[in-house]
Every structure is written in structure tokens, then in C-alpha cells.
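>>> Requesting a structural model of the entry that follows:
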Amino acid sequence: MTSNDDILRALGRVEGRLTGIEENVALLRQEMGDEKANAHDSRAAIHKRLDEQARQIAHLDTRVAISGGADAQIRAEIGTLKETVEKNQETVGPALEEWKRMKSIGYGISGLIAFAGLTTGGIVAYASDGAVAALRHWLKIS
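Numbers count the residues shown, from 1 in each chain. From the prediction side, this is the model:
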């Protein structure tokens, strides 16, 4: 039979092992708590980034919608301006043609005046020798 000492020793070993198991369980609980806290922080960071991405996408959608509306408005304005320019060209076209005709007539008149001036200058230069001789004869200058 086993003595009380053997039983007490066996109980001491069991108690020691239970204490070791309790310490291990406490360490596991602490590690699990740390991992749980880290997982919570990680999920919070991911959710924060996802919320930021959703905000940026919504902002981008708003910008695209605004740009599309502005683009359509600009195209409409360009169409209106194009029609106005075409109407103005039709209205101003005859006046421009008349101006071009007057300009070419002005060039012709300027050319005639220049030719007349050169001709008059040539005649005066040619006649000046004879006029000088006549004037000297009249004044009796030798």
C-alpha cells in the first residue's frame, strides 16, 4: 500500500502541474487578449482607410459630374458662339468686299499720283535748262 507521504507527494506533483497549467493558461489568455487588441486595431485601421477611400471616390464622382455638366455647358456656348460668328461673317462679308475694292482703287490712285509726280519732276528738270537759259538771256547775264 501506499503511504500518506506518497499520496501527499503525488498530490504535490499534481498541484505543481496544475499551477504550471494555470500559469500557461494565464499566459495564453494574455497573448490571446494582446492578439485580439492588435486585430481590433488592425481592423479599425482598415475600416478607416476604407472610409477614406469611399470619401475620395464620392468626391471624385462629384467632380466628374460637375466636369461633365461644365463640359456640356461649354459645348452649348461654343455652338452659340459659332452661330453668332457665322451670322456676323454673312453680315460683314459685303462690307469687307467693298473695303477690298476701295483699297485696290486707292492703290491705283496712289500709283497714278506717283507717276504724275515723277512725270512733272522729269518735265521740270528737262525744262529747267531751257528756263535758266531764257532767264539769263532776259536778265542779260552771260
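>>> make it CA atoms for all contacts and neighbour counts henceforth
OK.
>>> which stretches of the protein have low pLDDT?
Scanning the chain for pLDDT under 70 picks out 1, 142.
>>> mind running it again at 90?
1-43, 54, 57-77, 79, 85-86, 88-96, 122-142 (pLDDT under 90).
>>> now the helices for it?
4-139 (DSSP state H).
>>> which residue is nearest the middle of it?
Centroid-nearest residue in the chain: residue 67, 12.4 Å away (criterion: C-alpha atoms, centre = their mean).
>>> That one and residue 141, how far apart?
96 Å (C-alpha to C-alpha, to the nearest Å).
>>> still on that earlier bit, the residue nearest to the centre of the chain and residue 73: what is the separation?
From residue 67 over to residue 73 the distance is 10 Å, taken as C-alpha to C-alpha.
>>> Then residue 51?
In terms of C-alpha to C-alpha, residue 51 sits 33 Å off from residue 73.
>>> cool, and residue 85?
Counting by C-alpha to C-alpha, the gap from residue 85 to residue 73 is 18 Å.
>>> Residue 62 too?
For residue 62, the distance to residue 73 - C-alpha to C-alpha - is 17 Å.
>>> try residue 122
For residue 122, the distance to residue 73 - C-alpha to C-alpha - is 69 Å.
>>> Next: residue 55.
Look at residue 55 and residue 73: by C-alpha to C-alpha, they are 27 Å apart.
>>> same deal with residue 14?
In terms of C-alpha to C-alpha, residue 14 sits 87 Å off from residue 73.
>>> Also residue 50?
Going from residue 50 to residue 73 by C-alpha to C-alpha gives 34 Å.
>>> Repeat that for residue 48.
Remark: distance between residue 48 and residue 73 (C-alpha to C-alpha) = 37 Å.
>>> Next: residue 94.
Taken as C-alpha to C-alpha, the span from residue 94 to residue 73 is 33 Å.
>>> same question, residue 109
Taking C-alpha to C-alpha, one finds residue 109 at 52 Å from residue 73.
>>> do residue 116 as well
On the measure of C-alpha to C-alpha, residue 116 and residue 73 end up 61 Å apart.
>>> Please apply the same query to residue 90.
Relative to residue 73, and taking C-alpha to C-alpha, residue 90 is found at 26 Å.
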